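In: I would like the atomic coordinates for the input below:
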Amino acid sequence: MNDDESVTAGPSGTEPGLLEEALETKGKTGKKTAKKLQGTYALPLAGPKALADFLKGYVIASNQGAEAVTYKDVAVVANAHPTNVSKNNAFLAESGFILGERYGYFKPARETTEYAKRAPWDEEGAKQHIRALIDHTWYGEVIQKKFQMHGTLTKQDLIKAFGIKATPDPSDAGNLDLLLDFLVYFDYLQSDEQGNYFRPRLEVLFEEPGKTKFDEDMTKVVSGTPVSIAVDKLLAEPEEVTRSFSFVPHVNININLTASTSEEDVKELIKKVRAALEMLQQSAK
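Out: Residues are numbered from 1 along each chain as shown. The predicted model follows:
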């Protein structure tokens, strides 16, 4: 069994909606357990390394997606307890990492298969396939919206945003922590020296036709990359851009100032931002 496997309390996630679930099963003491509000979305019930092993297990057990398999088949391949695999199926399926074929049987998504095939040779590069799926999950959408307005966010900010979207029960906080760990493991988020989280600058999985390096860097500026990093990159790699159409760009630049930020730092940052905007203006001509 993997070191970071765990089974924790939390919503099953199999039925969307806020449902008050009375757990009437009597324990050894004969007392009823406390009532619990069921969440809107399934949450992970194991650590990120265990979840990654489950995904790889689905690919191997299914012969790279050729046939549907059960959680028991995956448990054998992943060297995990069957219960741990089963309890995480709701999260994996709801996120699109595995696809239901019939009751109790799943196949890995195409991106999951590509991840598992590439991982033995390039684990970090393989994670881009999982990030492509995360983009379309509820928690991926939460992150994208939050970082449109902020360059960095605290752990408390992210957990609160996840909680509001996914579960009404504070006892699920531990599972929200596991979700954040999962996102960091697959490099969907990274943290800085102060412990704040930001969206990393990563490669594009599929190149868009006609998209230039300049376009990519400016997209990263407006999607949450710290402006000083993105602007330095822009100025270090100037590029002539030719367009056959006109457009009006709208750019949001978030600048986080701290108590230690000096007036000289601010002036230098403004100069860099101005230079980047001038480059944008020139590219639009």
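
In: for the nearest residue to residue 60 once chain neighbours are set aside, which three-state class applies?
Out: Counting by CB to CB, 6 or more residues apart in numbering, residue 60 lies nearest to residue 77, which is 4.9 Å off, once chain neighbours are set aside. Bear in mind the C-beta positions are built from the backbone N, C-alpha and C, glycine included. For residue 77, the secondary structure call by DSSP: H, G, I helix; E, B strand; the rest coil comes out as helix.

In: show me the strands in the stretch 101-250 of the chain, by range?
Out: Listed in chain order, the strands of the stretch 101-250 of the chain (DSSP state E, counting those that start in this stretch) span residues 105-108, 190-191, 197-198.

In: what's the closest of these to residue 147?
Out: strand 197-198 (7.5 Å; CB to CB).

In: check which helices and strands the closest one sits against.
Out: Applying 3 or more CB pairs under 8 Å, 6 or more residues apart in numbering; DSSP states H and E, we find strand 197-198 packed against strand 190-191.

In: tell me the mean pLDDT for the strand it packs on?
Out: In this model, strand 190-191 has a mean pLDDT of 92.

In: likewise stretch 55-73?
Out: Taken as a whole, stretch 55-73 carries a mean pLDDT of 95.

In: check what contacts that stretch and list those residues.
Out: With CB atoms under 8 Å, 6 or more residues apart in numbering as the test, stretch 55-73 has contacts from 74-78, 80, 82, 85-86, 89, 92, 97-98, 101-102, 104-108, 110, 112-113, 115-117, 119, 130.

In: now that stretch: buried residues?
Out: By 16 or more other CB atoms under 10 Å, the buried positions in stretch 55-73 come out as 55-62, 65, 68-71, 73.

In: nearest to residue 149, of these?
Out: Using CB to CB, these come closest to residue 149 at residue 55, 31.5 Å.

In: ok, that closest one to residue 112 distance?
Out: Distance of residue 55 to residue 112, computed by CB to CB, to the nearest Å: 5 Å.

In: hey, what's in contact with both of these two?
Out: Common neighbours of residue 55 and residue 112 (criterion: CB under 8 Å, 6+ apart): 97-98, 130.

In: quick check, pLDDT for the nearest residue in space to residue 196 that is not next to it in sequence.
Out: By the measure of CB to CB, 6+ apart, the closest residue to residue 196 outside its immediate chain neighbours is residue 152, 4.1 Å from it. Here the pLDDT value assigned to residue 152 is 93.

In: who's in contact with the residue nearest to residue 60?
Out: The contact partners of residue 77, by CB under 8 Å, 6+ apart, come to 56-57, 60-61.

In: how is this structure divided into domains?
Out: Domain assignment for the chain by automatic domain parsing gives 19-121, 133-198, 213-283.

In: start to end distance for the shortest one?
Out: This means domain 133-198. Distance between the two ends of domain 133-198: 19 Å, counting by CA to CA, to the nearest Å.
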